[in-house]
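> output the structure for:
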Amino acid sequence: MQPVTKKVVLKTYQDDLAKLDDEKYANAVDPQYGITNRNLIALKILSYYSQPEVQEKPSEIEKAIVQSFLKSIKGDMELNSALKAIAQTALIGTGLNGTIISNILAYTYKTRHINTFNSAFDKLNRNYERALNGEDIDDEDRISLAEYSSIYDVAKLHSLMEPLKQIGFFDGDPILEEFSDRSNKCLEILEKIESDFKDSQVAKPGKLTFDHTEKKSFVMTGKCLSFFELLIAKLITKHGHASKLYSEASGSFVSHINPDPINEKFDMRSYLYTDIYRIKIETLIAPEQQAKLKEAFGDNWLTVVNGMYAEIEREIHDNTVGKFSNLSASSESEQYKAGISSLLPFGLGHKKFAKNDFNVIREQVFSQFYTTGQHKLLCSEFVAHTTIAALMELNRRLELELLKKPIKPEGRIVKIPFDQHEDLHRMHPDRLLYVLKKAGCIEEESDIPLVSSLFVRKTKKAPKHHDKTVERHVQASSATNINYLKFSIN
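Below is the predicted model:
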């Protein structure tokens with residue numbers, strides 16, 4: 001917790017402790033803060049004892065009040081809303097500590113699915129060792145994405161509860177002690193799985209990630225999508241975001257626009273809601289070109305080519321923030337337009353008359369173009385541009401290598417899997433995936449065994465009557481009313 005001086009939070013609640021015996025007073029709502037007197041006094045007790053300068057231990061009455069508070073507020077989203085308002089006010093002289101308010105905000109939110117936590121924890125605790133030993137785990141005994149969400153949230157509470165435990169607020173309360181122990185165990189197992197996940201990552205060039213909106217909703221919130229979000233997934237794109245995935249010695253990272261350029265570690269939590277595909281370079285090289293590459297590099301020509309491609313990808317994405325400093329995500333209206341484009345038949349909404357100049361795209365990515373001026377791209381448009389640039393640069397380097405042999409290259413060695421009339425500025429994630437699948441150059445990555453043995457990454461199929469309802473709405477939808485639907489392609 002953040003250090004707070006004793007002068008900021010004083011023991012101002014002592015006269016109110018005895019009043020809590022009066023249920024009417026205890027349950028009355030404080031007009032200033034919008035929470036009950038019982039909860040307000042508990043927060044003041046926590047605020048006082050959280051200060052490092054305070055060496056005394058809480059009294060039995062203070063412990064009992066805090067223990068009752070912590071047990072009763074699990075998943076209390078009404079209190080959560082009130083605390084958000086309190087956090088916006090000046091707290092000096094009120095007996096309240098801003099860090100405690102923030103921590104209890106997190107506590108109430110991360111326990112919102114507490115009713116499903118215990119069964120999910122039992123599954124995790126029971127199956128982790130079984131999975132390590134290679135034992136088969138039945139589908140119904142594996143952990144769903146929603147259950148994972150509750151486990152992850154409670155594990156993250158460990159850092160909030162441990163200081164309170166050290167002060168003595170959990171002493172003598174078996175319910176809180178067990179909850180703390182389970183939180184600690186969740187964290188321990190998830191960290192082990194994370195380590196195993198990191199070790200299982202295979203460095204291959206050309207990996208693309210697509211955030212599956214329904215999976216992501218379960219992982220991040222523990223809830224399914226709303227009806228209209230499901231409608232968008234069926235009508236336009238089931239993926240809400242696209243990124244490039246690349247590997248370094250320290251692990252795997254995604255390079256993307258969200259909404260500014262950023263490199264982020266690709267962890268197991270991200271993996272659970274992500275569909276990963278890899279561009280297979282060999283599918284973009286015609287047999288006659290493969291023969292020339294074999295002549296130049298020998299039987300291991302594909303290893304050489306993939307190594308060059310991996311190096312180019314790292315050059316582009318190692319420092320996304322620096323190389324694309326003046327690039328940001330397109331506006332919401334542009335995202336809508338990309339979605340609406342999918343409503344036109346035969347893919348016409350995704351075509352344009354002017355041709356894409358792939359050489360210009362390469363030059364822009366490998367120059368200072370995105371560090372000057374102001375530029376906007378969709379997330380999947382960024383993935384398309386950097387993929388085209390990488391493939392064009394790979395062509396350039398391969399041609400130079402062939403000329404050294406000397407072998408005269410004829411035509412482009414590696415085909416570009418995008419049509420020159422494809423409107424890249426109307427390319428949402430599923431359109432990108434469609435184009436690459438149509439080119440036959442992409443394959444989905446297989447599941448990581450340990451993770452797939454513990455967790456169910458697939459979403460349940462909607463009932464038939466639900467599908468038909470969605471289809472009726474799809475048929476009734478048009479470019480004029482799609483703006484009423486909220487979706488994001490960022």
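> use CA for all of it now, contacts and neighbours both
Will do.
> just give me the longest strand of this protein.
When the chain is parsed with DSSP state E, its longest strand is strand 239-248.
> now find how far off-centre it is within its chain.
Put simply, strand 239-248 sits 11 Å off its chain's centre (CA atoms, centre = their mean, to the nearest Å).
> now swap in stretch 236-245 and tell me
Distance, stretch centre to chain centre, for stretch 236-245: 12 Å (CA atoms, centre = their mean).
> average pLDDT for it?
The pLDDT scores in stretch 236-245 average 89.
> and the longest strand of the chain, what's buried?
Using 16 or more other CA atoms under 10 Å as the burial criterion, the residues of strand 239-248 that qualify are His239, Gly240, His241, Ala242, Ser243, Lys244, Leu245, Tyr246, Ser247.
> for Lys165, give its distance to His158.
Going from Lys165 to His158 by CA to CA, to the nearest Å gives 10 Å.
> of those two, give the one with the bigger neighbour count.
Higher neighbour count among Lys165 and His158: His158, with 19 against 14, using other CA atoms under 10 Å.
> hang on, Lys223 packs against Glu147?
No - shown here, Lys223 and Glu147 do not form a contact pair, counting by CA atoms under 8 Å, at 10.0 Å.
> between these two, which contacts overlap?
Between them, Lys223 and Glu147 share no contacting residue under CA atoms under 8 Å, 6 or more residues apart in numbering.
> please identify which of those two sits among more neighbours.
Remark: of Lys223 and Glu147, Glu147 carries more neighbours, 25 against 17, as counted by other CA under 10 Å.
> after the helix or strand encompassing the more buried one comes which helix or strand?
Using DSSP states H and E, Glu147 maps to helix 145-156. Going down the chain from helix 145-156, the next helix or strand is helix 158-167, by DSSP H and E.
> how about residues contacting that following helix?
1, 49-50, 57-58, 103, 107, 170-171, 180, 183-184, 187.
> for PyMOL, write a command that selects the buried ones of those.
Remark: buried members of these, expressed as a PyMOL selection using 16+ other CA under 10 Å:
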select buried, resi 49+50+58+103+107+170+171+180+183+184+187
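> in CSV: the contacts of helix 158-167, plus pLDDT and secondary structure.
Converted to CSV, the contacts of helix 158-167 look like this (pLDDT from 0 to 100; DSSP: H, G, I helix; E, B strand; the rest coil):
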residue, pLDDT, secondary structure
Met1, 45, coil
Tyr49, 93, helix
Ser50, 91, coil
Lys57, 91, coil
Pro58, 93, coil
Asn103, 95, helix
Tyr107, 96, helix
Phe170, 95, coil
Asp171, 93, coil
Ser180, 95, helix
Ser183, 95, helix
Asn184, 95, helix
Leu187, 95, helix
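> tabulate the contacts of helix 158-167 (TSV), appending distance to Tyr277.
Below are the contacts of helix 158-167 laid out as TSV (distance: CA to CA, whole Å):
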residue	distance to Tyr277
Met1	41
Tyr49	51
Ser50	48
Lys57	56
Pro58	55
Asn103	39
Tyr107	37
Phe170	47
Asp171	50
Ser180	39
Ser183	34
Asn184	35
Leu187	30
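> where do the strands of the protein begin and end?
For the chain, the strands defined by DSSP E occupy 207-212, 239-248, 251-257, 261-265, 274-279, 327-329, 375-377, 442-444.
> how much space separates Leu225 from Lys238?
Leu225 sits 11 Å away from Lys238, taking CA to CA as the criterion.
> between those two, which is the more surrounded one?
Per other CA under 10 Å, whichever of Leu225 and Lys238 has more neighbours is Lys238, with 20 against 17.
> what sits against that one?
By CA under 8 Å, 6+ apart, the contact set of Lys238 is His212, Thr213, Glu214, Ile232, Asp430.
> same check, this time on Arg426
By CA under 8 Å, 6+ apart, the contact set of Arg426 is Glu334, Gln335, Lys337, Ala338, Gly339, Ser341, Gly349, His350, Glu381.
> before we move on, back to that, what pairs with the longest strand of the chain, parallel or antiparallel?
Its sheet considered, strand 239-248 pairs with strand 207-212 (antiparallel), strand 251-257 (antiparallel) by DSSP bridges.
> run the angle between the longest one and strand 261-265 for me.
Spelled out, it's strand 251-257. Put simply, strand 251-257 runs at 160 degrees to strand 261-265, going by axes from the mean of the first three to the mean of the last three CA atoms, to 10 degrees.
> with just CA atoms, put strand 251-257 into CSV.
C-alpha atoms of strand 251-257 as CSV (Å, rounded to 0.1, in the frame of the first residue of the first chain):
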residue,chain,number,x,y,z
GLY,A,251,9.2,-14.0,-24.3
SER,A,252,6.4,-13.3,-26.8
PHE,A,253,5.0,-9.8,-27.5
VAL,A,254,2.2,-8.3,-29.5
SER,A,255,2.8,-5.1,-31.5
HIS,A,256,-0.4,-3.2,-32.2
ILE,A,257,-2.4,0.1,-32.2
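> how far out from the middle of the chain is that strand?
Worked out by CA atoms, centre = their mean, strand 251-257 lies 11 Å from the chain centre.
> average pLDDT across that strand?
Averaged across strand 251-257, pLDDT comes to 87.
> list the buried residues for that strand?
Using 16+ other CA under 10 Å as the test for burial, strand 251-257 gives Ser252, Phe253, Val254, Ser255, His256, Ile257.
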